[in-house]
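Colleague: need a structure here:
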Amino acid sequence: MTRQTANSNRSVTLADVARLAGVSIATASKALNGRAQVRAETRERVVSAARQLSFTPNALARGLLLGRSGTVGLVTHDLEGRFSIPILAGAEDAFGAGQMSGLLTDARGDTIRERYQVNALLGRSVDGLIVVGDKTDERPSLGHDLPVPVVYAYAPSSDPSDCSLVCDNVGAGRMGVEHLLGCGRSRIAIITGDPTYGAAHERVQGALAALAQAGLELIGGRAMYGSWTEDWGRGAARLLVDRFPAVDAILCGSDQVARGVLDALRERGLSVPGDIAVVGHDNWKVMALGARPTLTTIDMNLEELGRLAATRLVEAIDGHPRSGRELVTGRLITRNSTAPQD
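Modeller: Numbers count the residues shown, from 1 in each chain. Got it, this is the predicted structure:
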């Protein structure tokens, strides 16, 4: 709420602040917006005058002073997906805290549509762009001829000079195995999804590293790749326990695969976690909480990834861009499908 001057009903303006501080309106604007061209003592005088008059510029005026619209563009390739939505929610939370708003578009996995949506957003004078992929595999950069900064979330840019925020899938695989080892399991197998997905291989990579560090090998000698479905999980689990009945833990590449694994183990009369412990990935709650028993899983911290992407974009808008890939660490969500052995 702005303070009224003693002699009129009008709100305090930047001109009032400049007059009290004894500077020009342009200097007052620069001082209040942190521009480097203003001397420290001048800035202090302007800030003191603004405080004395209870002056707070509204968002529109502040944007005009900075040449900004106060909006950012959010381009997703998976609007209905359970990965992109929490990322976008996290970004919106961060923008809301900074009094910015987002304009959302869906490119639907089409590069031509993506370019159209980017141009449409630029036509709306957005201050920056966040591009959210539909999977974690590398994607082409939009280039560096755009008039606003771009941050890539979930799917990293192929250009190392771009700023990309990605899930630590290697760390997630390691985390899953370390939890199973901590539960006293040592005969661990992996059932995962589509081998064309980089995330599937990265999670296996982390799991194998954790096993090697413990001096153990994977049951069966290699991970079982298939599809991201319950049906694949069921079939793979049946084959696994028939061939390797000594297995005491299964790390699954997704919660959907894990649900199928749990079904197959129950059909075979095996107790979870008594006979075999099971860990999933992604913390897809409809799957993890609906499983019997409820599923221990690795949450990829997607909302935090979105918040961090928004933070990096705001930094770039303010003239402090970053480059390279930044990993967001997941977290273990322990439920009833794992437990220490007696």
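Colleague: In contact with Thr71, which residues are there?
Modeller: 100-103, 124-127 (CB atoms under 8 Å, 6 or more residues apart in numbering). Where C-beta positions appear, they are placed from N, C-alpha and C, glycine not excepted.
Colleague: Provide the strand pairings for the host helix or strand of Val75, with the direction of each partner.
Modeller: Element membership for Val75 (DSSP states H and E) is strand 71-76. Paired strands of strand 71-76, with direction, are strand 101-106 (parallel), strand 129-132 (parallel) (DSSP bridges).
Colleague: which residues are in contact with the last one?
Modeller: Put plainly, it is strand 129-132. So strand 129-132 is in contact with 72-78, 84, 87-88, 91, 102, 114, 118, 121, 139, 142, 146, 148-155, 309-310, 313, going by CB under 8 Å, 6+ apart.
Colleague: Toward the C-terminus, what is the element adjacent to it?
Modeller: strand 150-153.
Colleague: Show me what that following strand is packed against.
Modeller: Contacts defined by 3 or more CB pairs under 8 Å, 6 or more residues apart in numbering; DSSP states H and E place strand 150-153 against strand 129-132, strand 163-167, helix 302-317.
Colleague: Contacts for that strand next, please.
Modeller: By CB under 8 Å, 6+ apart, strand 150-153 touches 87, 91, 128-133, 139, 142, 162-166, 305-306, 309, 312-313, 316.
Colleague: buried residues in stretch 235-246?
Modeller: By 16 or more other CB atoms under 10 Å, the buried positions in stretch 235-246 come out as 235-238, 240-241.
Colleague: Let me fix that, I meant to ask about stretch 140-151.
Modeller: For stretch 140-151, by 16+ other CB under 10 Å, it's 141-142, 148-151.
Colleague: Quick one: distance of it to the chain centre.
Modeller: Remark: stretch 140-151 is offset 19 Å from the chain centroid, using CA atoms, centre = their mean, to the nearest Å.
Colleague: that older thread, out of the buried residues of stretch 140-151, the closest to Gly220 would be?
Modeller: Lowest distance from Gly220 to the buried residues of stretch 140-151 (CB to CB) belongs to Ser141, with 39.3 Å.
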